[in-house]
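**Q** Give me a 3D structure for the following:
(chains A and B)
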There are 2 protein chains.
Amino acid sequence: MSIRIGILGYGNLGRGVEAAIKNSKDAELVGVFTRRDPATLTINTPGAKTFSADDLPNMKDDLDVLIICGGSATDLPEMTPKYASMFNVIDSFDTHARIPEHFANVDAAAKGAGKVAVISTGWDPGMFSVNRLYSTSILPNGQAYTFWGKGVSQGHSDAIRRIDGVKDARQYTVPVPAALEAVRSGKNPELSTREKHTRECFVVAEEGADLARIENEIKTMPNYFADYDTTVTFITEEEMKKNHAGLPHGGSVIYTGTTSDGVNHVVEYKLTLDSNPEFTGAVLLAYARAAARLNSEGVSGCKTVFDIAPAYLSPLSGEELRAHYL
Amino acid sequence: MSIRIGILGYGNLGRGVEAAIKNSKDAELVGVFTRRDPATLTINTPGAKTFSADDLPNMKDDLDVLIICGGSATDLPEMTPKYASMFNVIDSFDTHARIPEHFANVDAAAKGAGKVAVISTGWDPGMFSVNRLYSTSILPNGQAYTFWGKGVSQGHSDAIRRIDGVKDARQYTVPVPAALEAVRSGKNPELSTREKHTRECFVVAEEGADLARIENEIKTMPNYFADYDTTVTFITEEEMKKNHAGLPHGGSVIYTGTTSDGVNHVVEYKLTLDSNPEFTGAVLLAYARAAARLNSEGVSGCKTVFDIAPAYLSPLSGEELRAHYL
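**A** Numbering: from 1, shown residues only, chains lettered A, B, ... in the order given. Sure, this is the predicted structure:
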C-alpha cells in the first residue's frame, strides 16, 4: 500500500519532494496544496491535483503524511503546529535558536491529535545532525566541525537581491581548503568564522547602478557578509542564466576524537549535491515514510532525526535490511 | 547512575572497550570475564576485577550490560545467545552469511529473558551499515560502494601466519586510488574485487625459510589473496615491531544516487582510525548505553544498529541534543 503524500507549498523544496516521490516505489503524491490560487499552479506529476491550503481540514482521511515546504522565518512556526493537529507532518525548520519553542508547540499539537510530526529534517539540520550525534556518542573526547559548500546559499542570495540596484544575485559559500585540511589531519584547530568559509557573490546590477556602492553594501552587511572574506563579481543576466542556474550544495561534518593517549580518529560525512532542494526533498520523504510507520504503530508527538531508528526510513523489512545492508 | 559494564574476553577488542569506558562519564567497568584463569589477567582499570566466565550466571544483578568480545567464527554464535538469556548483551558478529541465524538465536534468548541484545555492532558491520541504509533510503536510485583501508586486516594477517616458515605477518588492505576517484566522481563504475583493493603483506620469515615459496603461497591463497594484486615484503622482526605495531584501519562508504535526470548526489562516510579495536570498542560501548536504556523502557529482543534511534547512543537528554547537535 502506497503512502499518500500531500505537499504544502510548491517552491524549490516542494518540487524537490515531488521528484523524490517519483523515485520511490511506496509513495504517491495525492496533491500539492498552496496558499495561492491552485488553478494557477502547474505541477510535474500526472494524476496529482492542486488544492487550496484551505482544503486541508477537509482532507484528513486522504493523506497519510503532509510535507510542509514553507520557510522557517514565518511559515513553519505557524503551519507545522496547525497541521500537526490534523496530519502526520514533516518540516525542515532550521532556525536553530527557536527549535525548543517550535518543538514544544508541535509536540503539543501532534500529541493532542495522535499524530507524528518530524521537524528540522533535511541535511543540516538533518543528516549532518545525525552524524554529529553518532560521532560524539562514540567519541566523547572529540570535536565536531561543520563546513558548508561549495554551494548556493539562498538566504545570502536573497539578502543581496534586496540591495538597491541589484537585479539578481547568487551567493556561493566556499569552505577554506586550508581549514578543511587542518581539521582532517586531526590538528583540532580553533577556527574563526572567517577562517572556515569564504563567500563568493555573483551579481547582476541594474543599468547605471553604482557598482562600488553595491559591492561595499554587500561586503559590510552584518551577519551575512561582514565576518567573511567576500568577493563580488558583476556578471550579465545571460551569464547568470548560463552558469548559475542550479542550486548545488553540500559540505562536511568532520569529527575528530581520541580514545586513548595519542590514538586519534577522524570521521567525515561529506555531501556533494547537484541540487540542494532535491536532496533535501528526498530526506523529507524518507522521514515521511518513518512518520507514517511510527504513527501506524501508535506513536504520536514531535520527533527529530535523533529519535527515529534508521530502519524506519526504508521500505524494506528488517530481514531484507539485515541481509543486504548490515 | 553509572551503567555497569562487564567485558567478556580481553583481547584487542576487550581492551578497546575498556579504553572507551575510561572515556565515558556514565559507564563503569565492573570487571573483565575470561575463559582463562582470571588470576593470570592484568587489566588497565584500577578498581575493576577479573572474573572467570563461569562466574557470570551468578552475577546477573551486578551488570547492566555484558559486552562480548569474542570471535565471530566460533565464540559469538555460542556465547551471545547463552549470555542474552542472562544479561543485556552487545556483540560485533561479522560473519555476514550467518547473521539471520545468529539474529534468530539471540532474539529468542533475549526475548525469553526480557533482555536487549545488540548484535553486529562496530564500524563494518555497524556505522558503515547505518550509512548504507540512510543513503539508500534517501536516494533509492543509487548505489553503495564500500572501500576498506588503508588498514590492518587481522584475519588476513593470521592467514599468513599459518603458512609454514612464517614467524609474523601484517597485512594492509589498501583501496585503489583510481577506483575511489571514479566512484567519488559519480561515474557509477562496475568494479571487480581486484580493481577495488590491493593487499600489502609484511612478513617476518623464519631463518632459512624458502621465501619464494612463502610469497607464492600467499599470493595464490584462495579467498584471501588470489583475487587481489598482492605485494609481499620480507622484513626483520625489529622492523615489524617498529613500523607495524599499531592496528590502524578505516575506509569509506560512498553512495552515489540521482533524484532526477542528470541530477546526481554523492554521500561519503569516511573513517580514518588510528586503532581499529579502540574505535570498535567505543561503538560497542555507545550501543551498550542504548541497550541499557531500551531495556529500562521495557524493550527486549535482538536489535541491530538499524533498529536503534541515534539519541539512545548518547547520555544527553533530548533537550540537550536538540540544543547542541541538531
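
**Q** got a list of what the most centrally placed residue in chain A touches?
**A** By CA atoms, centre = their mean, chain A has its centre lying nearest to A:Gly122, at 3.9 Å. Shown in contact with A:Gly122 (CB atoms under 8 Å, 6 or more residues apart in numbering or on different chains): A:92, A:94, A:280, A:283-284. Bear in mind the C-beta positions are built from the backbone N, C-alpha and C, glycine included.

**Q** Direction included, what does the helix or strand where A:Cys201 lies pair up with?
**A** Applying DSSP states H and E as the criterion places A:Cys201 in strand A:197-205. Paired strands of strand A:197-205, with direction, are strand A:166-175 (antiparallel), strand A:229-234 (parallel) (DSSP bridges).

**Q** got a list of what A:Arg24 touches?
**A** Heads up, residue A:24 is Ser, not Arg. Applying CB under 8 Å, 6+ apart, one finds that A:Ser24 lies in contact with A:285, A:315, B:140.

**Q** now it: how far from A:Arg4?
**A** Here A:Ser24 is placed at a distance of 12 Å from A:Arg4 (CB to CB, to the nearest Å).

**Q** ok now do A:Gly114, which residues does it touch?
**A** A:295, A:300.

**Q** how much space is there between it and A:Asn88?
**A** A:Gly114 sits 10 Å away from A:Asn88, going by CB to CB.

**Q** Now for those two: what residues contact both?
**A** Joint contacts of A:Gly114 and A:Asn88 (CB under 8 Å, 6+ apart) are A:Asn295.

**Q** still on that earlier bit, can you tell which of the strands paired with strand A:197-205 is closest to A:Val267?
**A** strand A:166-175 (17.1 Å; CB to CB).

**Q** Could you list the buried residues of the closest one?
**A** Buried residues in strand A:166-175, counting neighbours by 16 or more other CB atoms under 10 Å in any protein chain shown, are found at A:166, A:168-175.

**Q** The most far-flung residue of chain A relative to its centre and A:Thr193: what is the separation?
**A** Using CA atoms, centre = their mean, the residue of chain A lying farthest from its centre is A:Asp261. It sits 37.9 Å away. For A:Asp261, the distance to A:Thr193 (CB to CB) stands at 32 Å.

**Q** just A:Leu180 next, same as before
**A** In terms of CB to CB, A:Leu180 sits 15 Å off from A:Thr193.

**Q** so how far is stretch A:169-179 from its chain's centroid?
**A** 18 Å (CA atoms, centre = their mean, to the nearest Å).

**Q** then it to CSV, C-alphas only?
**A** Output in CSV follows, covering the C-alpha atoms of stretch A:169-179 (Å, rounded to 0.1, in the frame of the first residue of the first chain):
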residue,chain,number,x,y,z
ALA,A,169,22.4,37.6,-7.3
ARG,A,170,23.8,34.2,-6.5
GLN,A,171,26.0,33.6,-3.4
TYR,A,172,28.3,30.6,-3.0
THR,A,173,29.5,29.5,0.4
VAL,A,174,33.0,28.0,0.0
PRO,A,175,34.9,26.2,2.7
VAL,A,176,38.6,27.3,3.1
PRO,A,177,40.8,24.5,1.8
ALA,A,178,43.5,25.1,4.5
ALA,A,179,40.9,24.9,7.3
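
**Q** That one - what's its average pLDDT?
**A** What stretch A:169-179 shows for mean pLDDT is 97.

**Q** From the rest of the structure, what touches it?
**A** Residues from elsewhere that reach stretch A:169-179, judged by CB under 8 Å, 6+ apart: A:147-153, A:156-157, A:159-161, A:189, A:191, A:195-204, A:240, A:244, A:251-252.

**Q** likewise stretch A:90-98?
**A** Stretch A:90-98 is contacted from outside by A:13, A:65-70, A:72-73, A:76-77, A:79-80, A:99, A:102, A:117-122, A:124-126, A:280, A:284, A:287-288, A:291, B:326, using CB under 8 Å, 6+ apart.

**Q** give me that answer again for 6 Å
**A** A:67-68, A:72, A:76, A:80, A:102, A:118-122, A:125, A:284, A:287-288 (CB atoms under 6 Å, 6 or more residues apart in numbering or on different chains).

**Q** now stretch A:307-315
**A** Contact with stretch A:307-315 is made by A:26, A:286, A:290, A:293, A:321, B:130, B:133-134, B:137, B:306-309, B:311, as judged by CB under 6 Å, 6+ apart.

**Q** can you map out the strands along the stretch 151-300 of chain A?
**A** Along the stretch 151-300 of chain A, the segments classed as strands by DSSP state E, counting those that start in this stretch run A:151-152, A:166-175, A:197-205, A:229-234, A:249-260, A:263-273.

**Q** Let's have these in CSV, adding distance to B:Val232.
**A** Formatted as CSV, the strands of the stretch 151-300 of chain A follow (distance: least, CB to CB, whole Å):
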stretch, distance to B:Val232
strand A:151-152, 46
strand A:166-175, 41
strand A:197-205, 46
strand A:229-234, 51
strand A:249-260, 32
strand A:263-273, 29
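
**Q** which one of those strands lies closest to A:Asp61?
**A** strand A:263-273 (35.7 Å).

**Q** Partner strands of that closest one, with direction?
**A** Assessed with DSSP bridges, strand A:263-273 is paired to strand A:249-260 (antiparallel), strand B:263-273 (antiparallel).

**Q** For the contacts of A:Gly122, point out the one with the lowest pLDDT.
**A** Comparing those by pLDDT, A:Asp94 comes last, at 94.

**Q** Helix, strand, or coil at it?
**A** With DSSP: H, G, I helix; E, B strand; the rest coil as the basis, A:Asp94 sits in coil.

**Q** Give me the neighbour count for it.
**A** Applying other CB atoms under 10 Å in any protein chain shown, we find 20 residues neighbouring A:Asp94.

**Q** got it, and the one 5 residues further on?
**A** One way to gauge burial is a neighbour count; for A:Ile99, by other CB under 10 Å, it gives 20.

**Q** Quick check: phi and psi at it.
**A** Main-chain dihedrals, A:Ile99, degrees, to the nearest 10: phi -60, psi -40.

**Q** how about the residue nearest to it when sequence neighbours are not counted, secondary structure?
**A** Excluding the flanking residues, the one nearest A:Ile99 by CB to CB, 6 or more residues apart in numbering or on different chains is B:Arg322, at 5.5 Å. Of the three states, B:Arg322 takes helix under three-state DSSP.

**Q** who touches the biggest helix by length in chain A?
**A** Determined from DSSP state H, the single longest helix within chain A is helix A:276-296. Residues outside helix A:276-296 that contact it (CB under 6 Å, 6+ apart): A:3, A:12-13, A:16-17, A:19-20, A:64-65, A:67, A:88, A:90, A:116, A:118, A:121-122, A:126, A:247, A:249, A:273, A:308, A:312-313, B:137-138, B:259, B:263, B:265.

**Q** Just the ones of those residues in strands?
**A** If you go by DSSP state E, the contacts of helix A:276-296 have A:3, A:65, A:67, A:88, A:90, A:116, A:118, A:249, A:273, B:259, B:263, B:265 in strands.

**Q** That'll do, ta.
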